[in-house]
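K.L.:
below are the sequence and a predicted model; questions follow.
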Amino acid sequence: MSHARVAIVGVGNCASSLVQGTAYYRRTGETAGLIHPAIGPYRVGDVEFVLGIDIDRRKVGLPLTEAIFAAPNNTQVFERDLPPTPAKVIMGRILDGVAPHMIEAGERGFQPADLPEPDKAEIVAALRHERVDVLVNFLPVGSQAASAFYMECALEAGVGVVNAIPVFIASDPVWEARFRQRGLPIVGDDIKAQVGATIIHRMLSSLFCARGVAVERTYQLNTGGNTDFMNMLDRDRLTHKKLSKTEAVQAALAERLEDENIRIGPSDYVPWQKDNKIAFVRLEGRQWGGVPMNLELRLSVEDSPNAAACVMDAIRCCKLARDRGEGGALTAESAYFCKHPPQQMAEDCALALIEGRALPQLDAAE
């Protein structure tokens, strides 16, 4: 049986947690912490990371399994002794992938490598040489031009995509049509966490509606100390991120709230939090007889490991669709794993569709 061969653009905290976790599950055979132990014929151990792409001098040129521990990465290390790998981190294109203040931040920010930036032909050649099945986009929030560059590379190289960031590709009709025409699957946009602020906020909103409580106002405020939060100090890079998170919650409400009554998005960078994310969620509503009520929740979670389970499933769904010759946005997979899919749907509906398509193949494989 073939493996799912994966390339990662942006070897940051999310890449670190994903690569560490894959090695952990391959070594231990554990299933705790996985959403699905297998999708189609693919178990976690069948995912192979064959290429990394980054621009930081502390990572470029290193084996991928070493680069994931290099600064400014600061996520939790839970699987240090990774087996040797031929996968290297190559120099990528900078474009708008780095905000100016991130270069000025010293050790905590980015330090671009003093190397020539590759053109599209070089990246396409690297993807083809490594026989990549799925490209995972982990670029910083706001990387519009850089994401577009790598999407062009994926289309030319014949590679499926998991777009884990809030740059709208799968949910953009023009981009989606191009992937569909090329017969290449894409899952996107903006990955949800396994149990994160947005999925909890959606579930609570659905609960209020199901129990007849009219939601009148709500907010979700987040703080963290990783490079993602530092990057988002540049508010100009936040447009799609805020829209993605807001629409994910709006879709779970019985009635859409006016803009002034819903506030969702990253709030501040707190360096000592490192990869720990703290979210504050509040919902205000009226129940029986118009009597007011409110709910407040505080969530503390390691941000990057929290995303890895969803990315792992999205990779395997993308690989399975590629095996089947399916192109374009994977609707149910995007809705279940991402905040801004082409079509929003309830988690239970999306999950039922995914499992109806993907899980029966496991029986045949075994």
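P.N.:
Now that the structure is in, tell me what you want to look at.
K.L.:
which residues sit in contact with the closest residue to residue 347 other than its chain neighbours?
P.N.:
By the measure of C-beta to C-beta, 6 or more residues apart in numbering, the closest residue to residue 347 outside its immediate chain neighbours is residue 336, 6.2 Å from it. For every residue, glycine as well, the C-beta is placed using N, CA and C. Residues counted as contacts of residue 336 (C-beta atoms under 8 Å, 6 or more residues apart in numbering) are 192, 347, 350, 351, 354.
K.L.:
next SSE downstream of the helix or strand hosting residue 336?
P.N.:
Using DSSP states H and E, the secondary-structure element containing residue 336 is helix 331-337. Along the chain past helix 331-337, the next helix or strand (assigned with DSSP H and E) turns out to be helix 347-358.
K.L.:
buried residues in that following helix?
P.N.:
Residues 350, 351, 353, 354, 357, 358 are the ones in helix 347-358 that count as buried (16 or more other C-beta atoms under 10 Å).
K.L.:
give the contact list for the second one.
P.N.:
Taking C-beta under 8 Å, 6+ apart, we find residue 351 in contact with residue 336.
K.L.:
how near is it to residue 110?
P.N.:
Here the distance between residue 351 and residue 110 works out to 37 Å (C-beta to C-beta, to the nearest Å).
K.L.:
now swap in the fourth one and tell me
P.N.:
From residue 354 over to residue 110 the distance is 36 Å, taken as C-beta to C-beta.
K.L.:
equivalent analysis for the fifth one, please.
P.N.:
Between residue 357 and residue 110 the distance, using C-beta to C-beta, works out to 39 Å.
K.L.:
and the third one, by the same measure?
P.N.:
Taken as C-beta to C-beta, the spacing of residue 353 relative to residue 110 amounts to 39 Å.
K.L.:
SS state for residue 268?
P.N.:
Applying DSSP: H, G, I helix; E, B strand; the rest coil to residue 268 yields a three-state assignment of strand.
K.L.:
pretty sure it contacts residue 229?
P.N.:
Yes. Between residue 268 and residue 229 there is a contact under C-beta atoms under 8 Å: 7.5 Å.
K.L.:
any common contacting residues for these two?
P.N.:
Common neighbours of residue 268 and residue 229 (criterion: C-beta under 8 Å, 6+ apart): residue 223.
K.L.:
the two - which one has more neighbours?
P.N.:
More neighbours sit around residue 229 than around the other of residue 268 and residue 229, counting by other C-beta atoms under 10 Å; the figures are 23 against 13.
K.L.:
so which helix or strand takes in the more buried one?
P.N.:
Under the criterion of DSSP H and E, residue 229 resides in helix 227-231.
K.L.:
tell me which other helices or strands that helix touches.
P.N.:
helix 100-103, strand 262-269 (3 or more C-beta pairs under 8 Å, 6 or more residues apart in numbering; DSSP states H and E).
K.L.:
so which elements touch the last one?
P.N.:
Meaning strand 262-269. Helices and strands touching strand 262-269, as assessed by 3+ C-beta pairs under 8 Å, 6+ apart, comprise strand 214-224, helix 227-231, helix 239-250.
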